[in-house]
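Peer 1: Any chance you could fold what I've pasted below:
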Amino acid sequence: MPSGGALGNLFHGRPALNRYMELNQKDLYFVAVKVFFTDHGKLLMLKDRFGDWDLPGGRIKADEFDAPLEAVIARKLKEELGGEVVSLIRPPAVFMRHERIEESEGHPTVRIFALGYEGYIERGVIHLSERHSGMEWVSMSDLVPETYFKGGWLKGVQEYLALKRAAANISVPAAGDIYCHYKHSDRYYEIVGVGVHSETKERVVIYRALYDSPEFGAKALWVRPQEMFLGTVTVDGREVPRFLKVS
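Peer 2: All right, here's what the predicted structure looks like:
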C-alpha cells in the first residue's frame, strides 16, 4: 500500500481517496479515546448539546499524530470536564467501533474506532463545556445502557458492564475470609460480612484488623466499598490487587 506521502501525491481530495479505499476494500476510521470514569459503583455519563449520551473523551486531532495518547486524553478531559479535575487513567478495558451522522455540512456518516480507558477522578469539581448540557453518575448495578446509548457506544458500555459485573462475582468476600492489604503483607484482616449502604444501596465490605493499631485501637473495624475492596492499584508500573485473599 502506498505511504501517506504517496497517497497525498496520488489523490487530490476525499472523493479520490474514498474511491481508492473502495477499490482496495479498506475502511476509513477516526480514532478516539474515551474514559469510563467510575466512583463508588457509579459510571459518569455526559449528555451533548444534541441530546445524545456519551462518555468523556473524543477524537485525535490531525496535529496529534505523534502525541502520546495520555496527552490526547488530558486535552479532551480538560475541554469537557474543566481544568480543575485531576484524574487517574488506567489502560483500556474495551475497544469500540461506532458509526454516527455528523452535525456538519452534508451530514456525512463517519466511523470511529475508540479505545475505552478506565479512570478515576481523584479531586476537583467538574465544569462541563458548552458542548454538553448535562451529566449523570449512574449506578452500574442498576444501569440499563439501552436507555442512554446507541450504536458502538452501547456495545462498548454493555461490554464494560459485563466485565465489571463478572469481576465482582468472581471473588465476593465472605465472612471469615482472611485478606492482606497490598501495602502491608504481614497485616491481616478478617471479613465480617458484606453490607448494603442504606442511602446509596452500594455494597460495602466490613472487615476487622487482626492486629492492634496505636492510632485506631485493637482490632479496628473497617468499611470499604466492595468495588474498591476488590479493585486494583498500580505499583511500580504494574497492577496488583488492593486486597489479596490469603485464606
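Peer 1: which stretch of helix or strand covers Phe95?
Peer 2: Phe95 is located in strand 86-101, with elements delineated by DSSP states H and E.
Peer 1: Can you tell me what sits against that strand?
Peer 2: With Cβ atoms under 8 Å, 6 or more residues apart in numbering as the contact definition, strand 86-101 has outside contacts at 29, 34-37, 70, 73, 77, 107-124, 151-153, 155-156, 159-160, 163, 234, 239. (Each C-beta comes from the backbone N, C-alpha and C, glycine too.)
Peer 1: Surely Glu79 forms part of a strand?
Peer 2: No - for Glu79, which was evaluated using DSSP: H, G, I helix; E, B strand; the rest coil, the result is helix, with no strand membership.
Peer 1: Please name the nearest non-neighbouring residue to it.
Peer 2: Ser129 (5.8 Å; Cβ to Cβ, 6 or more residues apart in numbering).
Peer 1: residues near the one you found, how many?
Peer 2: As a burial measure, the neighbour count of Ser129 was computed by other Cβ atoms under 10 Å and equals 13.
Peer 1: Same check on Val204?
Peer 2: 21.
Peer 1: same thing with Ala32?
Peer 2: Other residues within reach of Ala32 by the criterion other Cβ under 10 Å amount to 19.
Peer 1: ditto for Ala218
Peer 2: Considering only other Cβ under 10 Å, Ala218 is surrounded by 8 other residues.
Peer 1: Select from the contacts of strand 86-101 every entry located in strands.
Peer 2: Among the contacts of strand 86-101, the residues falling in strands (DSSP state E) are 34-37, 109-123, 234, 239.
Peer 1: Could you measure from Ala174 over to Tyr211?
Peer 2: Noted for Ala174: a distance of 21 Å to Tyr211, by Cβ to Cβ, to the nearest Å.
Peer 1: now do Gly106
Peer 2: As defined by Cβ to Cβ, Gly106 lies at a distance of 68 Å from Tyr211.
Peer 1: go on, His127?
Peer 2: 44 Å.
Peer 1: which stretches of this protein aren't confidently modelled?
Peer 2: Per-residue confidence for the chain (pLDDT under 70) gives these ranges: 1-18, 20-23, 167-171.
Peer 1: Centroid-nearest residue for this protein?
Peer 2: Geometric centre of the chain, nearest residue: Phe36, 2.0 Å, by Cα atoms, centre = their mean.
Peer 1: Quick check: bridge partners of that residue?
Peer 2: When assigned by DSSP bridges, Phe36 has beta-bridge partners Glu118.
Peer 1: need the helices for the protein, in chain order.
Peer 2: Across the chain, reading from the start of the chain, the helices by DSSP state H fall at 4-10, 14-23, 69-81, 151-170, 226-229.
Peer 1: Return the set of buried residues in the strand holding Phe95.
Peer 2: Using 16 or more other Cβ atoms under 10 Å as the test for burial, strand 86-101 gives 87, 89, 92-94, 96, 98, 100.
Peer 1: Over to stretch 145-165?
Peer 2: Neighbour counts using 16+ other Cβ under 10 Å place 145, 148-149, 152-157, 159-161, 164 of stretch 145-165 among the buried residues.
Peer 1: related to what we said a few turns ago, so what strands line up beside the strand holding Phe95?
Peer 2: Pairing partners of strand 86-101, with direction, according to DSSP bridges: strand 109-123 (antiparallel).
Peer 1: can I have the strand it pairs with written out in CSV, keeping just the CAs?
Peer 2: Output for strand 109-123, consisting of C-alpha atoms alone and laid out as CSV, is shown next (Å, rounded to 0.1, in the frame of the first residue of the first chain):
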residue,chain,number,x,y,z
THR,A,109,-21.8,9.3,8.1
VAL,A,110,-18.4,8.6,9.7
ARG,A,111,-17.0,5.6,11.6
ILE,A,112,-15.0,5.9,14.8
PHE,A,113,-12.6,3.4,16.4
ALA,A,114,-12.3,4.2,20.2
LEU,A,115,-10.1,3.0,23.0
GLY,A,116,-12.2,2.8,26.2
TYR,A,117,-9.9,3.6,29.2
GLU,A,118,-10.8,3.2,32.8
GLY,A,119,-10.5,6.3,35.0
TYR,A,120,-11.0,7.7,38.5
ILE,A,121,-11.4,11.3,39.4
GLU,A,122,-9.1,12.0,42.3
ARG,A,123,-10.1,15.6,43.1
